[in-house]
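In: 3D model of this:
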Amino acid sequence: MKRTTVKEALASAGPVDPILVQGWVRTRRDSKGFSFLEVNDGSCLKGLQVIVDAALPDYAHIQRATTGASVAVTGSLVPSKGQGQKWEVVAKTLAILGEADATYPLQKKGHTLEFLREIAHLRPRSNLFGAVFRVRSRLAYAIHQFFQSRGFVYAHTPIITASDCEGAGELFRVTTLDAKAPPLREDGAVDFTQDFFKKKAFLTVSGQLEAEVFACAFSNVYTFGPTFRAENSHTSRHASEFWMIEPEIAFCDLAGDMDLAEEFVKALIRDVREHCAEDLEFFAKFVDKELLTRLDFVLERPFVRLSYTDAVDILLNSEKTFEYPISWGTNLQSEHERYLTEEHFKSPVTVYNYPKEIKPFYMRLNDDGKTVTAMDVLVPGIGEIVGGSQREERLDVLLDNMRRHGINEKDYSWYVDLRRFGTVPHAGFGLGFERMLMFVTGVGNIRDVIPFARTPGVCEF
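Out: Down below sits the predicted model:
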């Protein structure tokens, strides 16, 4: 008999006989002559009630159907007589597939997020993390759907790279050299020519530079893959391994880049609102009561666009005391970004034209000589959710930028070639997948929207 998922059973248009349901026991309640099991298989938030009659031959096994045990039930899907559920299963057979004894950590009681991180191999079975990872799955699908429906080509960029796209130097080194006795040059420095790749290699911090290569051949491309930062940060917003979505668009300027980024953010929110309603209602009830209001806030309001200079002026004139003082030439912090969206404009905001000193070498220099065509998309509750720019397509200006940032042209000769051979205006942005997940779920810590978090000192599982 073909298995029916719990989601399919709960959405059934009519009774089903026979039906096979398989899953894990959430709870069991025994009464005179009957036992009631709640079975969940991860296909949806709710469990399916199974009624097991004490007269069944299999009832002898009911004591083994403890919380966490896996079961297979055959029977009839019938209208439920209980409150809050449309259908239930009257069992004809009950098989215990895998037992779970009293040490099973997810008993029916409250658990802290910190405790659940320690059992990341079991936490997907909880209501909260089942909902989080179903939304994660749907959001990944929506990302591909968004770009594929617009004719973008999906490009796979390297995970191991020799380039540091952001120039921050926070990279994980990839090496096969003996850590205790690495080969040395005459000057005493490590001789990386004897390493596996014959040079220094790292885990990528971004697929952007390689995506530009593909954009200069296919026009519109996007990457979606893991990225890494060796940043010793212990905040709730930073992880050492996370996923990034990075589109790159040829024949595009800053305005077109902002158009696509704003459209992208709204499209993802709209998709999750439509396809993950049950899980979002759970988050709104138990995680963040303002969640749905905040999502609709971004969906319903147009983005306000203003320059970095105007944003700094607003913050300086706000008469609000910030933890991080603001001045022209400094990075906007989350508190500044949230003030702009939540208090000043009461709207999602896109800030553009940032000082060149605080941005990477690849961003296009504006005519004022002081700013570059960078942009950040800001939303309430999070602050920056997208960062991007128009790229510097002029060979001479790019070379000047590289010199100013202390970047060796020889190391990026392939990137410079894009400006030598058929250069075009182009732009792109990056959206942190986990940052977006935090926004659409209301979950406040990045460690709780990643299946197995990688943070400083943590590399379990």
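
In: can we go C-alpha only for contacts and neighbour counts from here?
Out: Will do.

In: assumed residue 109 was part of a helix.
Out: No. Using DSSP: H, G, I helix; E, B strand; the rest coil, the secondary structure at residue 109 is coil, not a helix.

In: count of residues packed around it?
Out: If you count neighbours by other CA atoms under 10 Å, residue 109 ends up with 6.

In: quick check: residue 373 is in a helix.
Out: No. Under the criterion used here (three-state DSSP), residue 373 is strand, not part of a helix.

In: so what's the residue count around it?
Out: Neighbour tally, residue 373, other CA under 10 Å: 23.

In: swap in residue 84?
Out: Per other CA under 10 Å, the neighbour tally for residue 84 reads 7.

In: now do residue 432
Out: Other residues lying near residue 432 total 19 when counted by other CA under 10 Å.

In: just confirm it contacts residue 387, I think it does.
Out: No. In this structure, residue 432 sits apart from residue 387 without contact. The criterion is CA atoms under 8 Å, and the distance is 9.1 Å.

In: what sits up against the host helix or strand of residue 146?
Out: Take DSSP states H and E as the rule and residue 146 turns out to sit in helix 127-148. Defining contact as CA atoms under 8 Å, 6 or more residues apart in numbering, one finds that helix 127-148 is touched by 42, 44-45, 123-124, 153-154, 222, 264, 267-268, 271-272, 275-276, 279, 282-283, 437, 441, 448-449, 451.

In: with stretch 104-115 instead?
Out: When contacts are defined by CA under 8 Å, 6+ apart, stretch 104-115 is touched by residues 26, 27, 67, 68, 122, 123, 126, 448.

In: please apply the same query to stretch 305-322.
Out: With CA under 8 Å, 6+ apart as the test, stretch 305-322 has contacts from 326, 327, 328, 335, 336, 340, 349, 350, 351, 352, 353, 354.

In: roughly how far apart are the residue nearest to residue 222 when sequence neighbours are not counted and residue 210?
Out: Counting by CA to CA, 6 or more residues apart in numbering, residue 222 lies nearest to residue 247, which is 3.8 Å off, once chain neighbours are set aside. Relative to residue 210, residue 247 is positioned 11 Å away (CA to CA, to the nearest Å).

In: the two: who's more crowded?
Out: The neighbour comparison of residue 247 against residue 210 (other CA under 10 Å) goes to residue 247, with 29 against 20.

In: just to check, the more buried one is in contact with residue 426?
Out: No. Under the criterion of CA under 8 Å, residue 247 lies out of contact with residue 426, with a separation of 10.7 Å.

In: list the contacts of residue 77.
Out: Applying CA under 8 Å, 6+ apart as the definition, the contact partners of residue 77 turn out to be 9, 15, 16, 17, 18, 19, 87, 88, 89, 90.

In: ok, 10 Å please
Out: Residues near residue 77 by CA atoms under 10 Å, 6 or more residues apart in numbering: 9-10, 12, 14-21, 49-50, 87-91.

In: what segments of the stretch 251-400 of the chain are helices?
Out: Defined through DSSP state H, counting those that start in this stretch, the helices belonging to the stretch 251-400 of the chain, from first to last, are 254-275, 277-286, 291-300, 308-316, 334-338, 395-404.

In: how about those in a markdown table, adding mean neighbour count and distance to residue 420?
Out: As requested, the helices of the stretch 251-400 of the chain are arranged in a markdown table below (neighbours: other CA atoms under 10 Å; distance: least, CA to CA, whole Å):
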| stretch | mean neighbour count | distance to residue 420 |
| --- | --- | --- |
| helix 254-275 | 18 | 22 |
| helix 277-286 | 17 | 49 |
| helix 291-300 | 17 | 41 |
| helix 308-316 | 18 | 31 |
| helix 334-338 | 20 | 38 |
| helix 395-404 | 15 | 7 |
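
In: not counting sequence-adjacent ones, nearest residue to residue 159?
Out: Take residue 159 and drop its neighbours on the chain: the residue closest to it by CA to CA, 6+ apart is residue 204, 5.2 Å away.

In: wait, doesn't residue 162 sit right on residue 209?
Out: No. With contact defined as CA atoms under 10 Å, residue 162 does not reach residue 209; the gap is 11.4 Å.

In: rewinding a little: helix or strand: which one has the residue nearest to residue 222?
Out: Assigned by DSSP H and E, residue 247 belongs to strand 241-250.

In: list the helices and strands that strand packs on?
Out: Using 3 or more CA pairs under 10 Å, 6 or more residues apart in numbering; DSSP states H and E as the contact definition, the elements that strand 241-250 packs against are helix 127-148, strand 153-154, helix 208-218, strand 220-228, helix 254-275, strand 383-390, strand 426-432, helix 433-441.

In: I'd like the ones you listed as TSV, with mean pLDDT appended.
Out: Compiled in TSV, those are given as follows (pLDDT from 0 to 100):
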stretch	mean pLDDT
helix 127-148	98
strand 153-154	98
helix 208-218	97
strand 220-228	97
helix 254-275	98
strand 383-390	96
strand 426-432	98
helix 433-441	97
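
In: include distance to residue 458 when you put those into TSV, please.
Out: Supplementary listing: the helices and strands packed on strand 241-250 in TSV, determined by distance: least, CA to CA, whole Å:
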stretch	distance to residue 458
helix 127-148	19
strand 153-154	31
helix 208-218	27
strand 220-228	14
helix 254-275	30
strand 383-390	25
strand 426-432	20
helix 433-441	18
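
In: which one of the ones you listed lies nearest to residue 182?
Out: Taking CA to CA as the criterion, strand 220-228 is the member of the helices and strands packed on strand 241-250 that comes nearest to residue 182, at 24.4 Å.

In: just the CA coordinates for that closest one, please, in CSV.
Out: What follows is the C-alpha trace of strand 220-228 in CSV, where atoms were taken according to Å, rounded to 0.1, in the frame of the first residue of the first chain:
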residue,chain,number,x,y,z
ASN,A,220,21.7,37.6,-16.3
VAL,A,221,23.0,35.0,-13.9
TYR,A,222,22.7,34.1,-10.2
THR,A,223,24.5,32.0,-7.7
PHE,A,224,23.1,30.3,-4.6
GLY,A,225,25.5,28.5,-2.4
PRO,A,226,27.5,28.3,0.8
THR,A,227,30.0,31.1,1.8
PHE,A,228,32.3,31.3,4.7
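
In: mind listing the strands it pairs with, and their directions?
Out: Partner strands and pairing direction for strand 220-228 (DSSP bridges) are strand 153-154 (parallel), strand 241-250 (antiparallel).

In: great, nothing more from me.
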